[in-house]
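S.K.: what follows is a predicted protein model with its sequence.
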Amino acid sequence: PDTDLISWSDETYRIFGLQPQARILNLAQLPELVHPEDKQIVIKAVAEALRGGPRYDVEYRVLRPNGEVRLVHSQGDVIWDESGRPRRMFGSVQDITERKRAEQRLMAQHTVTQVLAEAATLQEATAKILQAVCECLAWDVGALWSIDREAGVLRCVEVWHKESVEDSQFEAASRESTFMPGMGLPGRVWFSCEPAYIPDVVRDANFLRAPITACDVLHTAFGFPILLRGEVLGVMEFFSHEIRPPDQELLNMMATIGSQIGQFIERKRAEEALRKAQGELAHVTRVMTMGEAAATPNLDEARDAIGRIVRDGNRAGEVIARIRALVQKTDTEKVRLDINQTVQEVVILMQNEAARKGVAIRMDLAANVPLVLGDRIQLQQVILNLVMNGIEAMNTVTDRPREMLIRSCQQESDQVLVAVQ
């Protein structure tokens, strides 16, 4: 007789978040365990297989009783009786959540790197980065908070969300809010200079927008700082309708993206300072060669202009000095230095070249590594050569994203390892 009963292994029950063998399910109850947005996918796949159509093979999200979402790959075959009626379907269910998340993270980091390489301004890059993270990693809302130094607060300057939250009150509430250090999720990230993760903001006492997120059914949230040499320049936060368990690997990756954005900001500041310096230099050249309303140069004006060049071109000068030092032959000068900072300086210099070759550079630099004794320029040259060789070696890679990882760690009590992979 037709019963439509489902027989599962203990592991399948656990994948769905159920106590093994605690209840016997039938086929009609299966959609109850599936994420609302994926129910029709499962129903259609089962129906087509039972009609003799394509083999049952589908990926969908499972919604566990505790609100957690898992991604599974389910496949099966139908056994038919002599009259051609379906008698039984058998198959397997595999939890592919971690594999999918790893793929999504690689895609997100690659996309963000491309955005930063192509964007002309931070404003142009911001909306695209929020969208890329949300779409690649399946988050529903993203926001950027900028520091108002004069007022000493964070202000929301950009929000991106999926169409499902088009009429959300959350965006309006966020744009009207400000946060001091330590207050709310953005303030917490600003104060600690570290990423933060909240499994359910509705239950978090320090999440001041909880009533609004409850109305919009937002639950899990995380935020990370945009850092430049230890200084917080801003905070990004993201929200999901789902309840997701803490994810340290996600936070690690987003911390790296935060550093990338900080380096992008530094590069744009340097480019702007360089443009100003070039304008001032052109003006000085005109004064020194032709004079202005006089046959002889106005030396006081020239001195003032040169002074402005020094001040406005400070950041550009730093970048140019790094490039010049790498190509000039100078005497060896060994000092104790921060190897992580040396790596970051090289990455800044190579960012455009890497992006041009389609290579995403990711850094995993251990905190609190001891200072090393060496010549800064020589160390930069060694790391630069390794990075350049790595970029060139990936020219033939076409079947996967081109990723380079630069990591540092303390190998022994007095040694530091820097690896380019």
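M.R.: Perfect, I can see it now.

S.K.: all helices for this protein, in order.
M.R.: 10-15, 39-50, 97-118, 122-137, 169-176, 184-192, 210-215, 248-289, 299-312, 314-327, 339-356, 376-393 (DSSP state H).

S.K.: which one of those has the poorest average confidence?
M.R.: Sorting the helices of the chain by mean pLDDT places helix 314-327 lowest, at a mean of 47.

S.K.: ok, for D57, nearest residue in space, not its chain neighbours?
M.R.: Q75 (4.3 Å; C-beta to C-beta, 6 or more residues apart in numbering). (Each C-beta comes from the backbone N, C-alpha and C, glycine too.)

S.K.: ah, wrong one, I meant E59
M.R.: That would be H73: by C-beta to C-beta, 6+ apart, it lies 5.1 Å from E59.

S.K.: which ones are touching the one you found?
M.R.: V58, E59, V93, Q94, I96 (C-beta atoms under 8 Å, 6 or more residues apart in numbering).

S.K.: ok, 7 Å please
M.R.: Contact analysis of H73 by C-beta atoms under 7 Å, 6 or more residues apart in numbering lists E59, Q94, I96.

S.K.: same check, this time on P20
M.R.: Applying C-beta under 7 Å, 6+ apart, the residues contacting P20 are D10, Y13, R14.

S.K.: from W8, how far off is it?
M.R.: 8 Å (C-beta to C-beta, to the nearest Å).

S.K.: what do you get for P31?
M.R.: 15 Å.

S.K.: circling back: are any of the contacts of P20 buried, and which?
M.R.: Y13 (16 or more other C-beta atoms under 10 Å).

S.K.: distance to V217 added to the contacts of P20, as JSON lines?
M.R.: Below are the contacts of P20 laid out as JSON lines (distance: C-beta to C-beta, whole Å):
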{"residue": "D10", "distance to V217": "32"}
{"residue": "Y13", "distance to V217": "27"}
{"residue": "R14", "distance to V217": "27"}
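
S.K.: quick one: which of the contacts of P20 is nearest to G279?
M.R.: Closest approach to G279 among the contacts of P20 (C-beta to C-beta): R14, at 66.3 Å.

S.K.: contact partners for that closest one?
M.R.: Per C-beta under 7 Å, 6+ apart, neighbours of R14: P20.

S.K.: quick check: R362 touching A255?
M.R.: No: R362 is beyond contact range of A255, at 10.6 Å (criterion: C-beta atoms under 7 Å).

S.K.: of those two, who's got more company?
M.R.: The residue with more neighbours, out of R362 and A255, is R362; 21 against 18, by other C-beta atoms under 10 Å.

S.K.: show the pLDDT at that one.
M.R.: 88.

S.K.: same question, the one 4 residues further on
M.R.: We have a pLDDT of 88 for A366.

S.K.: for burial, what's the neighbour tally of it?
M.R.: Neighbour tally, A366, other C-beta under 10 Å: 13.

S.K.: so it sits against I406, correct?
M.R.: No: look at A366 against I406 with C-beta under 7 Å: they stay out of range, at 11.6 Å.

S.K.: C156 versus L251, what's the distance?
M.R.: The value you get for L251 to C156, if C-beta to C-beta is used, is 21 Å.

S.K.: quick one: buried residues of stretch 137-156?
M.R.: For stretch 137-156, by 16+ other C-beta under 10 Å, it's 137-147, 153-156.

S.K.: pull the CA atoms of stretch 246-260 into CSV?
M.R.: Provided in CSV are the C-alpha atoms of stretch 246-260 (Å, rounded to 0.1, in the frame of the first residue of the first chain):
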residue,chain,number,x,y,z
PRO,A,246,29.0,32.2,15.2
ASP,A,247,31.3,32.0,12.3
GLN,A,248,35.0,32.9,13.1
GLU,A,249,36.2,32.1,9.6
LEU,A,250,33.7,34.7,8.2
LEU,A,251,35.0,37.3,10.7
ASN,A,252,38.6,36.6,9.8
MET,A,253,37.8,37.1,6.1
MET,A,254,35.9,40.3,6.7
ALA,A,255,38.7,41.7,8.9
THR,A,256,41.0,41.2,5.9
ILE,A,257,38.5,43.0,3.6
GLY,A,258,38.3,45.8,6.2
SER,A,259,42.1,46.2,5.8
GLN,A,260,41.8,46.2,2.0
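
S.K.: touching, F191 and M183? I think so.
M.R.: No: counting by C-beta under 7 Å, F191 does not reach M183; the two are 8.4 Å apart.

S.K.: wait, T97 touches R64, no?
M.R.: No: at 11.2 Å, T97 does not count as touching R64 under the criterion of C-beta under 7 Å.

S.K.: common neighbours of the two, please.
M.R.: R70.

S.K.: which residues touch stretch 200-212?
M.R.: 169-170, 173-174, 177, 183-185, 188, 198, 213-214, 218-221, 243.

S.K.: which positions in stretch 23-43 come out as buried?
M.R.: Buried residues in stretch 23-43 (16+ other C-beta under 10 Å): L25, L30, P31, L33, V34, H35, D38, K39, I41, V42.

S.K.: chain neighbours aside, what residue packs nearest to the third one?
M.R.: This points to P31. K39 is the one closest to P31 (C-beta to C-beta, 6+ apart), at 4.6 Å.

S.K.: residues touching L137, list them.
M.R.: Q104, R105, A108.

S.K.: hmm, I was thinking of L373
M.R.: K334, R336.

S.K.: who is it paired with across the strands?
M.R.: R336 (DSSP bridges).

S.K.: quick one: it and Q410, what's the gap?
M.R.: 15 Å.

S.K.: what count of nearby residues applies to the spatially closest residue to M363 that is not a sequence neighbour?
M.R.: Leaving aside its chain neighbours, M363 sits nearest to I406 (5.1 Å; criterion: C-beta to C-beta, 6+ apart). Neighbour count of I406, defined by other C-beta under 10 Å: 22.

S.K.: quick one: pLDDT of I406?
M.R.: For I406, the predicted pLDDT is 91.

S.K.: and for M236?
M.R.: Reported pLDDT for M236: 95.

S.K.: that one bridge partners, please.
M.R.: Beta-bridge partners, per DSSP bridges, of M236: L144, F224.

S.K.: what residues does it make contact with?
M.R.: G142, L144, G223, F224, I226.

S.K.: lovely, talk soon.
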